[in-house]
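Novice: Here is my input, please return the structure:
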Amino acid sequence: MSDDQDRPRDPEVPEWIHDIHDEDEAPASLGDAEGSGRSMVPARDTLPERIYLLPIHNRPFFPAQVQPLVINRERWEETLHRVAKTTHHTVGLAFVGETAVEELGHEQFPEIGTAVKVHKIQGEETQFQFIAQGIQRFRITRWLSKEPPFLVEVSYPREPVDAEDDETRAYAMAMINGIKELLPINPLYGEELKHYLNRFSPHEPGPLTDFAAAITSAKGQELQDVLATLPVMARMQKVLPLLRKEIDVAQLQSEISDQVNAQMQDRQREFFLREQLKVIQRELGISKDDRENDVDTFRDRLESLTVPPKVLTRIEEELDKLSVLETGSPEYGTTRNYLDWLTSLPWGVRSADNMDLPHARETLDRDHDGLKDVKERIIEFLAEGTFKGDVGGSILLLVGPPGVGKTSVGRSIAEALGREFYRFSVGGMRDEAEIKGHRRTYIGAMPGKLVQAIKEVEVENPVIMLDEIDKMGQSFQGDPASALLEVLDPEQNVEFLDHYLDVRLDLSRVLFVCTANTLDAIPPALLDRMEQIRLSGYIAEEKVAIAKHHLWPKLLKRDRIPKKRINLTDAALRQVIEGYAREAGVRQLEKQLHRIVRKAAVKLLENDQKSVRVSVNNLEDFLGAPLFRKEQVLEGEGVVTGLAWTSMGGATLPIEAGKVHALERGFKLTGKLGDVMKESANIAYSYVLGHLSEFGADADFFDSAFVHLHVPEGATPKDGPSAGVTMATALLSLATHRAIDRPLAMTGELTLTGQVLPVGGIREKVIAARRSDIFELILPEANRRDFDELPDYLREGIRVHFASRYPDVASAAFG
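Specialist: Down below sits the predicted model:
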């Protein structure tokens, strides 16, 4: 009698489950099922003709297998109940796909499956588990029930085999050898083989083939194909490649595992050896632990530095704290990083300044053509430092359009002085921590850019360039422009406090060079701390020299093209400047020259030419049609040329005034004018309207005239007061019916009482006039000094009328 009869029965387990456990022949475990031998397997003539079906997923079940199965209780409890009530306890297992489906129909069952004996059913809340002992293949001959529980009539097909055939024996031996190869690789195969040998002889090719297929990890459909193959020889031919593939995968897996284990063993061995070495060296007194090494490293750095007393006190306090902290604690890493920064700064280390003015002048002339007034300002600045003994503590601001060489001038200043140079851009910076650092309480805290610059250059007195200072932003994280107030103030930066370092750092020896395109966006408090040097832009002659001496040789050298292979004539270079690169700087000029180099390189390679000549005649082949045409000075009644300043340099600004009709009085403005420029136009209109008789015009002209004032290039925004005298002159020309009969340009702000006030950008405006071949100008009297300070080559050949009141302007314009 089974031991199960002596145990109390679970009331939640259905009574029919015990029908199987109460069988005398039923084993109590999987081992008993396998150990009971072939006596448990019904003979072929005793197998039932009708059996219930259970679907299985993932892979089919083979007759040579004995293993537990788990099925869904809700869907298949009735099926197991009916199987338990049979005398043979046999059920058919059929493979229905690798993934489970919600609705299962009879058409999804394959024709061939495996009949298994059910042992030891165990019920749980949502599933049943039982031991399935494979018996024999079956073929479905007729469906008796096409709905669960599925019931079918079956036949048990013969499996033709000649066990004594040489080919069969050869395949069997190949499979046995393959199984032997798998045994050392995976011990689980040994357990399955032991269970198999308890039931079958190793010389039975049919069960042997099924067992070999069952231990492979082939896909379910491949194994179902094996199960459905009845001739043993054909089945062997399908299984042997699967077995060989399994051996290859197992060997590869074993190799990978061996490699991983070897690496782990090597690392563990190295770790243990290093730890032993540390202990031995520590016992012998010839080595120190990581903490002592860190402390000694920091103290060694301090020996060559002249650290201020307060900073040295802070360092000693941190070193004492570091010496008692555990190396694995988070605070140890924070303190170590802090000491690393403090001891890496060049306390007391300075480079000697080169105050040789001829050397400085030679360096500036070598690196830059033109900019004579800028160079003189820099030389004066260095001469002052010669007497003072130091040029530190100064803040220079280089202002000018893009591409005029502001950054390169700053680099040349550093080279002339023999100082280290460090540049970083503050454009778009919105966090004051970028300047003054993060507090050490934050994770990932770092010092600000200035401390990083001092550490990188390794001296206390470098030249630091703050690029694009007019493009700083603001956010909820702070205002970096306000943080720069302390940095760029010679009275404050002697004790600059970085939030991370939390000690005073002397920046008074640093020469700060800032760059900007305009001054409008720079806060007045910050602008007040800087000495301005304006780089206004280049005229055509200067651009020609820059292209010859710097841009063209640099492009050829960068592309490794010999100079003699591309010949750019002077006339073609001047045409590039006038027609394709008319901006104040030389950045666009460099791009156009680069286009010429690229297209010339194509011609050299494709046409196998020895050299390419670029002249005015074939320049359009390289650059296309000119982007700019020569500016035509507009002439005629009511048309006057003004001068304007933009962020890209100076420009001529023609202004047109016309009488639309005489039906009513009116005044209209067009040309995308700003508010200030509209006010200037209204002031000019009011002034001319009130003083027509003084200039010989009909006093009643505007009483019935609708006047339209237009500033061409209507898509370009324009603003500012400097076009006041130009607008008044255009209106006066219209009223007096007198046109300006020569190339003449003017600029100046006009008041309602006729005063002519000074304007800015005189240098840029003079350059724009020369570019348009206008050599007669009318400027405000208050700008006389600005004109006189211009270089001789800009003033040469230009006739200037200085006006303090508008009648002076009218007299100069109309005679």
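
Novice: now Ala352, what's its secondary structure?
Specialist: coil (DSSP: H, G, I helix; E, B strand; the rest coil).

Novice: Share the number of residues neighbouring it, please.
Specialist: Residues lying near Ala352 (other Cβ atoms under 10 Å) number 9. C-betas here are computed from N, CA, C, even on glycine.

Novice: Can we start the residue count at 57 from this point?
Specialist: Shifting the count to begin at 57 puts that one at Ala408.

Novice: Leaving out the residues flanking it, which one is nearest to Val139?
Specialist: Nearest residue to Val139, sequence neighbours excluded (Cβ to Cβ, 6 or more residues apart in numbering): Val147, at 4.8 Å.

Novice: Now do the contacts for the one you found.
Specialist: Applying Cβ atoms under 8 Å, 6 or more residues apart in numbering to Val147 gives the contacts Ile107, Tyr108, Leu109, Leu110, Thr135, Leu136, Val139, Ala171, Val172, Val174.

Novice: hey, what's Gln192 bridged with?
Specialist: Ala171 (DSSP bridges).

Novice: residues in contact with it?
Specialist: Applying Cβ under 8 Å, 6+ apart, we find Gln192 in contact with Arg100, Leu103, Pro119, Thr170, Ala171, Tyr212.

Novice: can you tell me how far the last one sits from Leu283?
Specialist: Relative to Leu283, Tyr212 is positioned 14 Å away (criterion: Cβ to Cβ, to the nearest Å).

Novice: what touches both of the two?
Specialist: Both Tyr212 and Leu283 are in contact with Arg193, where contact means Cβ under 8 Å, 6+ apart.

Novice: neighbour count winner among those two?
Specialist: A direct count of neighbours by other Cβ under 10 Å for Tyr212 and Leu283 places Leu283 higher, at 23 against 16.

Novice: Enumerate every residue touching that one.
Specialist: Leu283 neighbours (Cβ under 8 Å, 6+ apart): Pro116, Phe118, Phe151, Ile168, Gly169, Thr170, Arg193, Asp266, Ala269.

Novice: Which ones among those map onto strands?
Specialist: If you go by DSSP state E, these have Phe151, Ile168, Gly169, Thr170, Arg193 in strands.

Novice: ok, of the residues you listed, which one's closest to Ala318?
Specialist: Of all the ones in strands among the contacts of Leu283, Phe151 has the smallest distance to Ala318: 40.6 Å, by Cβ to Cβ.

Novice: can you pull the contacts of the nearest residue to the closest one once chain neighbours are set aside?
Specialist: Residue nearest to Phe151 in three dimensions, not counting chain neighbours: Pro116, with 3.7 Å by Cβ to Cβ, 6+ apart. Residues counted as contacts of Pro116 (Cβ under 8 Å, 6+ apart) are Leu149, Ala150, Phe151, Gly169, Thr170, Gly276, Leu279, Gln280, Leu283.

Novice: Local confidence estimate at Pro116?
Specialist: Looking at Pro116, its pLDDT is 92.

Novice: Also Asp75?
Specialist: For Asp75, the predicted pLDDT is 61.

Novice: which stretches of the stretch 307-456 of the chain have low pLDDT?
Specialist: 337-338, 340-346, 448-449 (pLDDT under 70).

Novice: Could you do the stretch 457-606 of the chain as well?
Specialist: Flagging of the stretch 457-606 of the chain using pLDDT under 70 yields the residue ranges 530-534.

Novice: hey, where'd the helices end up in it?
Specialist: Remark: helices assigned in the stretch 457-606 of the chain by DSSP state H, counting those that start in this stretch are 462-473, 489-492, 505-513, 536-543, 580-583, 596-602.

Novice: What are the contacting residues of the fifth one?
Specialist: Helix 580-583 is touched from outside by Leu453, Ile525, Ala537, Leu540, Leu541, Leu544, Leu575, with contacts defined as Cβ under 8 Å, 6+ apart.

Novice: quick one: secondary structure of the residue nearest to Val139?
Specialist: strand.

Novice: Ok, Val210 next?
Specialist: Strictly by three-state DSSP, Val210 counts as strand.

Novice: And the closest residue to Lys734 other than its chain neighbours, how close does it get to Phe165?
Specialist: Closest residue to Lys734 in three dimensions, ignoring its sequence neighbours and counting by Cβ to Cβ, 6+ apart: Leu725, at 5.9 Å. The gap separating Leu725 from Phe165 is 90 Å, by Cβ to Cβ.

Novice: The two: which is more packed in?
Specialist: Between Leu725 and Phe165, counting by other Cβ under 10 Å, Phe165 is the more crowded of the two (20 against 17).

Novice: For that one, give me its contacts.
Specialist: Shown in contact with Phe165 (Cβ under 8 Å, 6+ apart): Leu109, Pro111, Ala150, Val152, Ile196, Phe206.

Novice: And it, how far from Gln319?
Specialist: Using Cβ to Cβ, one obtains 49 Å as the distance from Phe165 to Gln319.

Novice: Okay, strands next: where are they in the stretch 457-606 of the chain?
Specialist: For the stretch 457-606 of the chain, the strands defined by DSSP state E, counting those that start in this stretch cover 477-481, 519-523, 552-553, 560-561, 567-572, 587-590.

Novice: Which elements pack onto the first one?
Specialist: Spelled out, it's strand 477-481. helix 462-473, helix 505-513, strand 519-523 (3 or more Cβ pairs under 8 Å, 6 or more residues apart in numbering; DSSP states H and E).

Novice: Pull up the pairing partners for it, direction included.
Specialist: Paired strands of strand 477-481, with direction, are strand 519-523 (parallel) (DSSP bridges).

Novice: Likewise for the third one?
Specialist: Strand 552-553 pairs in its sheet with strand 560-561 (antiparallel), by DSSP bridges.

Novice: And the partner strand, how far out from the chain middle?
Specialist: Distance of strand 560-561 from the chain centroid (Cα atoms, centre = their mean, to the nearest Å) equals 35 Å.

Novice: can you check stretch 191-202 too?
Specialist: 64 Å.

Novice: swap in stretch 227-246?
Specialist: With Cα atoms, centre = their mean as the basis, stretch 227-246 stands 54 Å off its chain's centre.

Novice: and it, what's its mean pLDDT?
Specialist: 77.

Novice: how about that stretch: buried residues?
Specialist: By neighbour count with 16 or more other Cβ atoms under 10 Å, stretch 227-246 contains the buried residues Tyr227, Ala228, Met231, Gly234, Ile235, Glu237, Leu238, Ile241, Tyr245.

Novice: next one: phi and psi at the second one?
Specialist: This means Ala228. Ala228 adopts backbone torsions of phi -60, psi -40, taken as degrees, to the nearest 10.

Novice: Surely it and Leu264 touch.
Specialist: Yes - under the criterion of Cβ atoms under 8 Å, Ala228 makes contact with Leu264 at 5.9 Å.

Novice: which residues in the stretch 57-206 of the chain form helices?
Specialist: Counting by DSSP H, counting those that start in this stretch, the helices of the stretch 57-206 of the chain are 74-77, 86-91, 129-141.

Novice: Which strands or helices does the longest helix anywhere in the chain pack on?
Specialist: Secondary structure assigned by DSSP state H gives helix 288-340 as the longest helix of the chain. Identification of packing neighbours for helix 288-340 by 3+ Cβ pairs under 8 Å, 6+ apart yields helix 222-241, helix 261-270, helix 276-283.

Novice: distance between that helix and the chain's centre?
Specialist: For helix 288-340, the distance to the chain centre is 39 Å (Cα atoms, centre = their mean).

Novice: how big is the angle separating it from helix 222-241?
Specialist: Put simply, helix 288-340 runs at 20 degrees to helix 222-241, going by axes from the mean of the first three to the mean of the last three Cα atoms, to 10 degrees.
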